[in-house]
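Colleague: Build me a structure from this.
(chains A, B, C and D)
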2 protein chains.
Amino acid sequence: MSTSDTGYVERRQGGETRAEIQRVARELFTSKGYEATSMREIAEALGIKKASLYYHFAGKEEILRSLVQQRGAEAENLLDWIARQPQQPELLRLAVLRWVESFSKEKLKGIRFISANPLLMDAIEQHPDERIGSTLVAIVDALASLLPERSPVTVLRLRMALLSINSAVEAAHRESFTDDEIVAAARANAAAAIDALLAHA
Amino acid sequence: MSTSDTGYVERRQGGETRAEIQRVARELFTSKGYEATSMREIAEALGIKKASLYYHFAGKEEILRSLVQQRGAEAENLLDWIARQPQQPELLRLAVLRWVESFSKEKLKGIRFISANPLLMDAIEQHPDERIGSTLVAIVDALASLLPERSPVTVLRLRMALLSINSAVEAAHRESFTDDEIVAAARANAAAAIDALLAHA
DNA sequence: GTCTATACGGTGATAGAC
DNA sequence: GTCTATCACCGTATAGAC
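Modeller: Below you'll find the model as predicted:
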């Protein structure tokens, strides 16, 4: 609040304005969808004019890109972690549950945003080194070799287990479930799916 | 091809044009999203001009409504079927699998359309007697009373089991899985989820 | 950093000829 | 039933004053 001679506060506010835009945009993109949300609506929710947004972001799509780029690092982390573990079938369960459990309250907002705009991810053409869906594919590949019986159906079931947290968010949509309940349900169903996959016929 | 004096062929073509519009619109709404699809694009895909669409449908939203109304009857059927069965825990498994299995090749297109446009369903405000999501809620309510242990988490897990077919479609997105594989994976994971719910602690 | 004003294209939709 | 022509509107984005 003080230190008006350093300019520090002003610069910090600028950074926070950017973050505020991202927060409001993510909320609107989640509730109304990316295409149905206009720059004017974002600006109004912030109490500014829409032209002011273009000082902080080059355009609507750049706001979107900044949101998706915030994610992706944790998928890389899981991939690295998997490579360092003993490669046995039990790793399937450990990796899937580690992934599901990693979604705390704050990260669920990212899941909701993605769930509300499923087509954006493959339409956005990220830079080759910043892909997010492809590392999830790599995780599935790494884990699929541990399956007792590897077939298209079992690989798809493994994918479903990894995406349990997304399924839980979507199943809870428009109903009154807490974030803790959503994570608990995702964990339980993911565990059940992995159990069935490991108990091979 | 003949019978040019009855007018029957012409009338039948008219009906087929309406169905063609619905087919093309559903494809575009599925691949690009409803908001991102313009009336001009739908018309071009059909080889006609945009204004001609308004002869068959009052507007873009009416095309959408006609698509969602095509579904919903089968949910009602399941609800009726459930009411006529002996009310025991095993009915959980039978009902969920019956629901998942009911999605043949053709009906999966409807799931893909819904999965690609998740926000449309609660934005469309259907007539009170034509709701689709609410009957699914009624199904969950009817089945939840059969749960060995009823809690928010188990109810949510039951919801997830019912929506396994949706999860399978989304998990298969952008990957090369056949429709049969998708249904098989959905059935397997739904069964695993129900098994875990019935094996109460 | 935010504002007003504006350019420009695409959108859903309608009117009326054929 | 399909067309051409046209409408009003809203979208993103930019220019330039303050």
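Colleague: Please, where are all the helices along chain A?
Modeller: Here chain A has its helices, by DSSP state H, at A:8-32, A:39-46, A:50-56, A:60-69, A:73-84, A:90-101, A:105-116, A:133-144, A:152-162, A:164-171, A:179-198.
Colleague: ok, and does the shortest one reach over to DNA strand C?
Modeller: Yes. Counting by C-beta under 7 Å from any atom of the strand, DNA strand C is contacted by helix A:50-56 at A:51, A:52, A:55, A:56. C-betas here are computed from N, CA, C, even on glycine.
Colleague: Return the member of those nearest to chain B.
Modeller: residue A:51 (23.4 Å; C-beta to the nearest C-beta).
Colleague: what's around the closest one, how many residues?
Modeller: Residues lying near residue A:51 (other C-beta atoms under 10 Å in any protein chain shown) number 10.
Colleague: one step back: just the buried members of the residues of helix A:50-56 next to DNA strand C?
Modeller: residue A:56 (16 or more other C-beta atoms under 10 Å in any protein chain shown).
Colleague: I'd like the residues of helix A:50-56 next to DNA strand C as CSV, with pLDDT and distance to residue B:43 appended.
Modeller: Below are the residues of helix A:50-56 next to DNA strand C laid out as CSV (pLDDT from 0 to 100; distance: C-beta to C-beta, whole Å):
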residue, pLDDT, distance to residue B:43
A:51, 98, 34
A:52, 98, 38
A:55, 98, 39
A:56, 98, 38
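Colleague: So which of the residues of helix A:50-56 next to DNA strand C reach DNA strand D?
Modeller: Residues of the residues of helix A:50-56 next to DNA strand C in contact with DNA strand D (C-beta under 7 Å from any atom of the strand): residue A:51.
Colleague: Let me know the closest of the residues of helix A:50-56 next to DNA strand C to residue A:19.
Modeller: Closest approach to residue A:19 among the residues of helix A:50-56 next to DNA strand C (C-beta to C-beta): residue A:56, at 9.9 Å.
Colleague: and the nearest residue to the closest one once chain neighbours are set aside, how many neighbours does it have?
Modeller: Leaving out its chain neighbours, the residue that sits closest to residue A:56 by C-beta to C-beta, 6 or more residues apart in numbering or on different chains is residue A:18, at 5.1 Å. Neighbours of residue A:18 under the rule other C-beta under 10 Å: 15.
Colleague: Residue A:96 now?
Modeller: With other C-beta under 10 Å as criterion, residue A:96 counts 24.
Colleague: and it, what does it touch?
Modeller: A:143, A:158, A:161, A:162, A:164, A:190, A:194 (C-beta atoms under 8 Å, 6 or more residues apart in numbering or on different chains).
Colleague: Can you give me the distance of the closest residue to DNA strand D within chain A to residue A:36?
Modeller: Residue nearest to DNA strand D within chain A (C-beta to the nearest atom of the strand): residue A:59, separated by 2.8 Å. For residue A:59, the distance to residue A:36 equals 17 Å [C-beta to C-beta, to the nearest Å].
Colleague: what's the closest non-adjacent residue to residue A:177?
Modeller: Using C-beta to C-beta, 6+ apart and skipping residues adjacent in sequence, the residue nearest residue A:177 is residue B:156, 5.6 Å away.
Colleague: Please say which of residue A:59 and residue A:36 ends up with more neighbours.
Modeller: Using other C-beta under 10 Å as the criterion, residue A:59 and residue A:36 rank with residue A:36 on top: 17 against 11.
Colleague: Quick check: phi and psi on the more buried one?
Modeller: For residue A:36, the backbone dihedrals (degrees, to the nearest 10) come out as phi -80, psi 0.
Colleague: For it, report the pLDDT, please.
Modeller: At residue A:36, the pLDDT value in this model is 98.
Colleague: Just give the nearest non-adjacent residue to it, would you?
Modeller: residue B:35 (5.2 Å).
Colleague: Isn't that neighbour up against residue A:35?
Modeller: Yes. Using C-beta atoms under 8 Å, residue B:35 is in contact with residue A:35, at 3.7 Å.
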